[in-house]
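Trainee: Quick check, what structure comes out for this input:
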Amino acid sequence: MDPYASQKGGAVFNTTINRYAYCTITPTDDHSMSVHSADYGKYEAPLDGGPLPLDGNMDLIKAVTNHFEVTDGFKMFLQSEAPPGSGLGGSSTVIVSIISAMCEWQGIRMTSDEMAKLAYKLEREDIGLKGGKQDQYAAVFGGFNYMKFGSHGVDVNRVRIPYDAVNELQYRSLLCYIGQTRESATIIESQVSKYNKGQNMEALDKTKALAQNMYFAMEKGDINTAGEILDEAWVYKKQFSSKVTNPLIDSMYKVAKDAGAIGGKVSGAGGGGFMYFICEYDRKYDVAKELGKMGAKVTDFMFEPQGVISWRYPNE
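Mentor: The predicted model follows:
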């Protein structure tokens, strides 16, 4: 997250899961766009009158269309398996899917780095949606990665985890929806404000160091240490902003730990959405059961090693 990442260098260890954003483009014979989004409804606009206004309505699509200066007509269908405000990087994954589909249609070749950079520029700078850079890069590259951020750009390092360790981590991982979507922008504003006042510098520095420690632990296949790092990182994440957690999240975290979770976190900026835990090898069922009593909905998932892909198919 800037300004920290540009000034002091940032680091993230993350991975992708099998929750997808889909973008289907069907060319038409006119010069207009017709969009149907399962989450945000419908939108139509002509494409022969200059750049489309970024006004809060379907801006992800309009920003991509403006960038590639598209004037040929098309229909677009969008669907995301990550609920808005869930903290799973849904909006970034959507814009990556749009860019990838647009490149496939227009015959444009982009490297993974170029696509992630463009997704960040359009979402964060042109549209102004607040957030970091990791979501766009995760969606493009896929899999387990250790990413380093700075004024020079972004370095993405693929982490090669032992096969048995990936399976064990899958078996011991628990993802649950806690029923509270949140507006990440307000949490991020609070976090940046505290940084500018020097109030969360130590927590940010410690978290950056823990990202590297997580990289080393997972490269060795050490699941228990990874869980302990996650637990320590959650302590520091709560110091980023007072809005990261709330009494319900805190009580759920304590219940999970008491039931056999080694460590966990709230996904995204915090404040709600999904919680993720690494559990003791024989306690995942207990953790799920206790969190279920508190209203959390356990979500089945698999780690996804592949990044964005595109293809052509004659549906019409």
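Trainee: Please enumerate the strands of the stretch 51-200 of the chain.
Mentor: 74-80, 145-150, 153-158, 173-177 (DSSP state E, counting those that start in this stretch).
Trainee: mind listing what the shortest one pairs with, with the direction of each?
Mentor: Pointing back at strand 173-177 there. Applying DSSP bridges, strand 173-177 is found paired with strand 274-279 (antiparallel), strand 297-298 (antiparallel).
Trainee: Just say which of these is most tucked in.
Mentor: Highest mean neighbour count of those: strand 274-279, a mean of 24 (counted as mean count of other C-beta atoms under 10 Å). In this view, the C-beta of every residue, glycine as well, is placed from N, C-alpha and C.
Trainee: Give me the contact list for that strand.
Mentor: Residues from elsewhere that reach strand 274-279 (C-beta atoms under 8 Å, 6 or more residues apart in numbering): 86-88, 169, 172-178, 223, 226-227, 230, 249, 252-253, 256, 260-268, 287, 291, 296, 299.
Trainee: if you look at the residues you listed, which of them are in helices?
Mentor: 169, 172, 223, 226-227, 230, 249, 252-253, 256, 287, 291 (DSSP state H).
Trainee: ok, Gly307 - contacts?
Mentor: Applying C-beta under 8 Å, 6+ apart to Gly307 gives the contacts 16, 112, 139-143.
Trainee: In PyMOL, select just the buried ones from these.
Mentor: In PyMOL, a selection of the buried entries from the contacts of Gly307 looks like this (16 or more other C-beta atoms under 10 Å):
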select buried, resi 16+139+140+141+142+143
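Trainee: Could you dump the contacts of Gly307 into a markdown table with distance to Ser80 and pLDDT added?
Mentor: Putting those into a markdown table (distance: C-beta to C-beta, whole Å; pLDDT from 0 to 100) gives the following:
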| residue | distance to Ser80 | pLDDT |
| --- | --- | --- |
| Thr16 | 14 | 97 |
| Ser112 | 21 | 97 |
| Ala139 | 11 | 98 |
| Val140 | 16 | 98 |
| Phe141 | 19 | 98 |
| Gly142 | 16 | 98 |
| Gly143 | 20 | 98 |
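Trainee: what's the farthest-apart pair in the contacts of Gly307?
Mentor: Thr16 and Ser112 (13.1 Å; C-beta to C-beta).
Trainee: What mean pLDDT does stretch 179-192 get?
Mentor: Average pLDDT, stretch 179-192: 79.
Trainee: and stretch 298-310, how far from the chain's centre?
Mentor: Distance of stretch 298-310 from the chain centroid (C-alpha atoms, centre = their mean, to the nearest Å) equals 12 Å.
Trainee: What's the separation between Thr28 and Asp300?
Mentor: Computed as C-beta to C-beta, to the nearest Å, the Thr28 to Asp300 distance reads 38 Å.
Trainee: That should have said Ala101, apologies.
Mentor: Distance from Ala101 to Asp300, counting by C-beta to C-beta: 27 Å.
Trainee: the more surrounded of those two?
Mentor: Using other C-beta atoms under 10 Å as the criterion, Ala101 and Asp300 rank with Ala101 on top: 21 against 6.
Trainee: Correct me if wrong: Thr245 contacts Val266.
Mentor: Yes - here Thr245 reaches Val266: they are 6.9 Å apart, a contact under C-beta atoms under 8 Å.
Trainee: Show me which of those two is the more surrounded one.
Mentor: More crowded of Thr245 and Val266, by other C-beta under 10 Å: Val266, with 25 against 19.
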